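**Student:** with the sequence up front, the predicted model follows.
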Amino acid sequence: MKDDADFRVSLAEYQLKAVDAMSETLRTVSGLHDREPQHRERISRELGVILLQAPTGSGKTLMLGRALEAVRGQLGAKTVWFWFAPYAGLVTQTRSALIAQCGALRQRDIYADREASAARDGDVFVQTWASVAVIKKESRKVRTDKEASLSVDTMIAKLREQGFRIGVVIDEAHLNFGSGAAATADFFLKVMSPDFTVLATATPNDTKLEKFERDVGLKVASRVTVSRDAVVKAGLNKIGLMVGVLRFKEEDRALIDTEVATLTAGWSQHSFIKAKLAERGISLTPLMLVQVEDQQEGKDDPVARVRERLIEIGVPDKAIAVHTSGEPDPAFHTLAYDPEIEVLVFKLAVATGFDAPRAWTLVSVRP
């Protein structure tokens with residue numbers, strides 16, 4: 001299999017339409033900013049917000065990145081973009097995807113490169129909200145002016161002095177601002193005060209969207225919606241799911257270890273799929289995801305328990321990887337492509353935005 005960095009993928013028809021719709025809206029809003037600069041704040045908050053609703057696996061990062069590429073050099077002023085992913089693991093994944101597929105966008109690092117004078121149209125900073133807006137050590141570092149580097153706050157102010165506009169992309173927007181919602185909303189409104197805001201989500205929820213609008217004083221004026229049928233038709237999503245639920249008679253429950261039975265059923269299905277792919281001459285190793293519960297105080301570690309049981313049913317130890325917030329894998333974003341890893345054990349860390357096309361089977365022993 002070729003690495004993504006080896007080629008620039010062509011967009012499917014639905015992706016082209018979504019990119020065109022987003023880029024056209026950005027150009028329109030930019031024109032309003034040009035004509036009515038005195039109403040910048042109102043235009044930004046009432047007309048400058050775009051929501052991309054697209055199913056998991058539809059290529060949201062690709063569509064967002066190509067839309068930013070499409071308007072580079074075409075807006076009324078140079079624009080620097082701040083792209084927010086919900087988790088640190090997704091930051092690396094997003095950066096890699098943008099480097100591979102959106103080469104016209106220049107990546108910059110919020111921790112090491114906050115020089116406003118070096119800015120160019122189409123610069124993109126990818127980070128989490130926690131890195132800039134939550135009261136913790138990392139965000140305090142980037143929010144403080146030092147002799148050798150500007151704070152994020154000062155950098156944004158200087159960019160505006162130089163005539164730049166500020167754009168914000170919020171990926172997985174249904175998660176809103178996370179645990180530091182109040183501090184983040186304050187940073188978003190008072191420090192960034194973006195001219196363009198692009199939201200993206202696979203799970204649109206109008207209640208959460210309305211809460212987001214209230215929290216940050218914005219109004220989603222434009223929606224770009226991708227249907228699941230369009231993604232399936234393009235061959236980027238499977239037609240559907242096969243769901244297996246193990247149920248036992250009450251009198252049999254004491255005789256059967258339901259967790260072992262569930263893991264065995266999942267590994268059997270995984271092995272069947274692996275054999276079928278080999279039979280068809282497809283050199284792809286499928287990935288089985290195993291979701292476990294959170295560790296309770298005073299209780300055994302569920303990850304260690306499940307790993308032990310997987311080995312008991314015949315899964316090679318070296319084929320098992322773990323990624324949780326308490327036990328993060330430093331090479332997390334490469335697990336999606338490592339054929340030696342056949343099982344990934346997690347709690348919630350890969351439940352959102354993890355780009356793993358070879359993930360085929362999900363076993364959940366989480367209540």
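**Tutor:** Structure received. Just so it is clear, the structure is predicted and the values come from calculations on it, not from any experiment. Numbering: from 1, shown residues only.
**Student:** so for stretch 142-149, what gets flagged as buried?
**Tutor:** For stretch 142-149, burial by neighbour count (16 or more other C-beta atoms under 10 Å) applies to 142-143, 149. From N, CA and C alone the C-beta is placed, and that goes for glycine too.
**Student:** now that stretch, how far from the chain's geometric center?
**Tutor:** In terms of C-alpha atoms, centre = their mean, to the nearest Å, the centre of stretch 142-149 is set 28 Å apart from its chain centre.
**Student:** now the element after the worst-scoring helix or strand of the chain on mean pLDDT, going C-ward?
**Tutor:** Ranked by mean pLDDT, DSSP states H and E, the weakest helix or strand in the chain is helix 137-142, scoring a mean of 70. Remark: after helix 137-142, the chain's next helix or strand is helix 152-161, criterion DSSP states H and E.
**Student:** just the residues contacting that next one, thanks.
**Tutor:** With contact meaning C-beta atoms under 8 Å, 6 or more residues apart in numbering, helix 152-161 is reached by 80, 110, 114-117, 119, 132, 142-143, 145, 150, 166, 191-192.
**Student:** what subset of those residues is buried?
**Tutor:** Listed as buried from the contacts of helix 152-161 are 80, 110, 114, 116, 119, 132, 142-143, 150, 166, 191-192; burial here means 16+ other C-beta under 10 Å.
**Student:** in a markdown table, list those residues along with secondary structure.
**Tutor:** Listed next are the buried ones among the contacts of helix 152-161 as a markdown table, based on DSSP: H, G, I helix; E, B strand; the rest coil:
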| residue | secondary structure |
| --- | --- |
| 80 | strand |
| 110 | coil |
| 114 | coil |
| 116 | helix |
| 119 | coil |
| 132 | coil |
| 142 | helix |
| 143 | coil |
| 150 | coil |
| 166 | strand |
| 191 | helix |
| 192 | helix |
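**Student:** need the max-distance pair from those.
**Tutor:** The span of those, defined through C-beta to C-beta, is set by 119 and 143 at 18.6 Å.
**Student:** how about the CA coordinates for the host helix or strand of residue 124, as PDB?
**Tutor:** Per DSSP H and E, residue 124 falls inside strand 123-127. Only the C-alpha atoms of strand 123-127 are listed here, as PDB (Å, rounded to 0.1, in the frame of the first residue of the first chain):
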ATOM      1  CA  ASP A 123      -0.500  29.600   7.200                       C
ATOM      2  CA  VAL A 124      -2.200  27.000   9.400                       C
ATOM      3  CA  PHE A 125      -1.600  26.300  13.100                       C
ATOM      4  CA  VAL A 126      -3.000  23.000  14.200                       C
ATOM      5  CA  GLN A 127      -3.500  22.500  18.000                       C
END
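**Student:** could you list every helix and strand in contact with it?
**Tutor:** On a contact count with 3 or more C-beta pairs under 8 Å, 6 or more residues apart in numbering; DSSP states H and E, strand 123-127 meets strand 79-84, helix 88-101, strand 106-108.
**Student:** which strands border the shortest one, and is each parallel or antiparallel?
**Tutor:** Think strand 106-108. Here strand 106-108 has these sheet partners by DSSP bridges: strand 123-127 (parallel).
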